[in-house]
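Novice: Okay, predicted coordinates and the sequence, questions at the end:
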Amino acid sequence: MIEAQGLTKRYGPKTAVDSVDFMVRPGMVTGFLGPNGAGKSTTMRMIVGLDRPSAGTVTVNGSHYAEHAAPLREVGVLLDAKAVHTGRTAENHLRAMAATHGIGRSRVREVIGMTGLDPVARKRVGGFSLGMGQRLGIAAALLGDPATLILDEPVNGLDPEGVRWVRTLVRALAAEGRTVLLSSHLMSEMSQTADHIIVLGRGKVVADAPVADIIAMAGAATVRVRSTDPEALSAALSSPAVTVTRAEDGALLVTGSSAPDIGETAARHSLVLHELTPVSGSLEDAYLSLTQDEVEYRSAGQNIAEGANR
């Protein structure tokens, strides 16, 4: 378990993390999201003792990271897969890490097999692809068979097979009762992997809830409808609680009414429907809605597009 209370980090006049409270529980995958500059990396660095909090506390499995006698056995961490001596082989890198905690060579061979590194285990890390570097970083995180895992962008550089492997791996580890904190910018992947989401914006927690609840924050459910007489259907659905808009392809987008209710209304008015499709929100929609006012670095193209839509 990871628990933060009033966790704060200041760099001079800038507050990178602003008095955040959250708990990452065992037995589930917790996604850690936020725009660039939101404070995610700083928070993860404070969890594992790489940065000292300006105020507040954060503990892992009930203790500060520095208080663990064998931290590698408590917390597996992937923050920067490139932070490896490029002249070493993958196997020697893992053996050197294992030696610091009295971990045997059999465990080194085991994590090499788990992460698909067998073909390159005796090759120098400096020649690794980005994807293989990520696999080595994950192998290092798993080395101590830890109860808690913190993985920052673990699928970065992986091919589709590798992405699926990471998804299966972290869900299996959570199913064993481990605590898994996973950061990623791939919303589609996070929606398939995470059970719970914590969203940071400008150093503050802007959402902390199960994935389904986060998606529900994206707004009211929408139903996509096609009819032979869209004007008549729109008039039939008209009420203070219902909003009907026209999509670019001519379909009606209805909020405030369910698909069964729309179908019954159409039947009462003898209107033919060619489509009646509930449109569920996505994690990406919810994330963009939650963080639209929290983005520190915004592209010029985005500003132009938003200006054109005002």
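Specialist: In hand now; what should we look at?

Novice: drop to CA atoms for contacts and neighbour counts, all remaining ones
Specialist: OK.

Novice: Buried residues in the host helix or strand of residue 215, which are they?
Specialist: Remark: residue 215 resides in helix 211-216, with elements defined by DSSP states H and E. Within helix 211-216, the residues scored as buried using 16 or more other CA atoms under 10 Å are 211, 214, 215, 216.

Novice: What of stretch 125-142?
Specialist: For stretch 125-142, by 16+ other CA under 10 Å, it's 125, 128, 131-142.

Novice: send the alpha carbons of it over as PDB?
Specialist: The C-alpha trace of stretch 125-142 is given here as PDB (Å, rounded to 0.1, in the frame of the first residue of the first chain):
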ATOM      1  CA  VAL A 125      22.500  -2.700 -22.800                       C
ATOM      2  CA  GLY A 126      23.900   0.100 -25.000                       C
ATOM      3  CA  GLY A 127      22.700  -1.600 -28.100                       C
ATOM      4  CA  PHE A 128      19.100  -2.200 -26.800                       C
ATOM      5  CA  SER A 129      16.100  -0.900 -28.600                       C
ATOM      6  CA  LEU A 130      13.700   1.300 -26.600                       C
ATOM      7  CA  GLY A 131      11.300  -1.600 -26.100                       C
ATOM      8  CA  MET A 132      14.000  -4.000 -24.800                       C
ATOM      9  CA  GLY A 133      15.200  -1.300 -22.500                       C
ATOM     10  CA  GLN A 134      11.700  -1.100 -21.100                       C
ATOM     11  CA  ARG A 135      11.600  -4.900 -20.600                       C
ATOM     12  CA  LEU A 136      14.900  -4.700 -18.700                       C
ATOM     13  CA  GLY A 137      13.500  -1.900 -16.500                       C
ATOM     14  CA  ILE A 138      10.500  -4.100 -15.700                       C
ATOM     15  CA  ALA A 139      12.700  -7.000 -15.000                       C
ATOM     16  CA  ALA A 140      14.700  -4.900 -12.500                       C
ATOM     17  CA  ALA A 141      11.400  -3.800 -10.800                       C
ATOM     18  CA  LEU A 142      10.300  -7.400 -10.400                       C
END
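
Novice: avg pLDDT for it?
Specialist: For stretch 125-142, mean pLDDT is 94.
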